[in-house]
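>>> got a sequence here, can you model it:
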Amino acid sequence: QVQLVESGGGLVQPGGSLRLSCSASEFAFSRYSMKWYRQAPGKEREWVAGISTSGGSTNYATSVKGRFTVSRDNAKKTLYLQMNSLKPEDTAVYYCYTYYNGMDHWGKGTLVTVSS
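Numbers count the residues shown, from 1 in each chain. Take a look at the predicted model:
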């Protein structure tokens with residue numbers, strides 16, 4: 001069974017940085033594109049960033065472009081999201097996601113709170 005486990009969330013001041021990680025297991029991580037999503041309190045879950053199998057292609061939501069960087073280490077089966085210049089509106093639970101074997105797979109999420 002695919003397992004995705006996010007970590008690295010926490011409380012950070014506006015303008016600060018965090019790096020999220022998503023550790024994957026039980027599937028051929030290097031063969032699948034990966035995505036980050038987030039869900040703010042009272043809002044719909046939204047796509048944040050995506051990365052190709054090799055990591056050579058990335059894309060971002062307009063709201064995070066230039067501040068967030070998605071990357072992956074296929075040898076470690078780990079997905080990352082480097083978040084810089086954080087804003088209060090970035091406060092959300094962040095989830096990693098993949099579509100594998102005909103199904104959506106989500107981690108349980110990690111909470112990021114941006115507040116002074």
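>>> for Val48, what are its contacts?
Neighbouring residues of Val48 by C-beta atoms under 8 Å, 6 or more residues apart in numbering: Lys35, Trp36, Tyr37, Arg38, Tyr60, Ala61, Val64, Phe68, Leu81, Tyr94. C-beta coordinates here come from the backbone N, C-alpha and C atoms, glycine included.
>>> so the fourth one makes contact with Glu44?
No: judged on C-beta atoms under 8 Å, Arg38 makes no contact with Glu44 at a distance of 10.2 Å.
>>> of those two, which one has the most company?
Using other C-beta atoms under 10 Å as the criterion, Arg38 and Glu44 rank with Arg38 on top: 24 against 6.
>>> for the more buried one, which non-adjacent residue is closest in space?
Closest residue to Arg38 apart from its sequence neighbours, by C-beta to C-beta, 6 or more residues apart in numbering: Ala92 at 3.8 Å.
>>> neighbours of that neighbour, how many?
22.
>>> beta-bridge partners for it, please?
Assessed by DSSP bridges, Ala92 has beta-bridge partners Val112.
>>> correct me, but it touches Gln39?
Yes: if you go by C-beta under 8 Å, Ala92 and Gln39 touch, sitting 5.6 Å apart.
>>> how about the contacts made by the spatially most central residue of the chain?
The residue lying closest to the centre of the chain (C-alpha atoms, centre = their mean) is Trp36, at 3.3 Å. By C-beta under 8 Å, 6+ apart, the residues touching Trp36 are 20, 22, 47-50, 70, 79, 81, 94-97.
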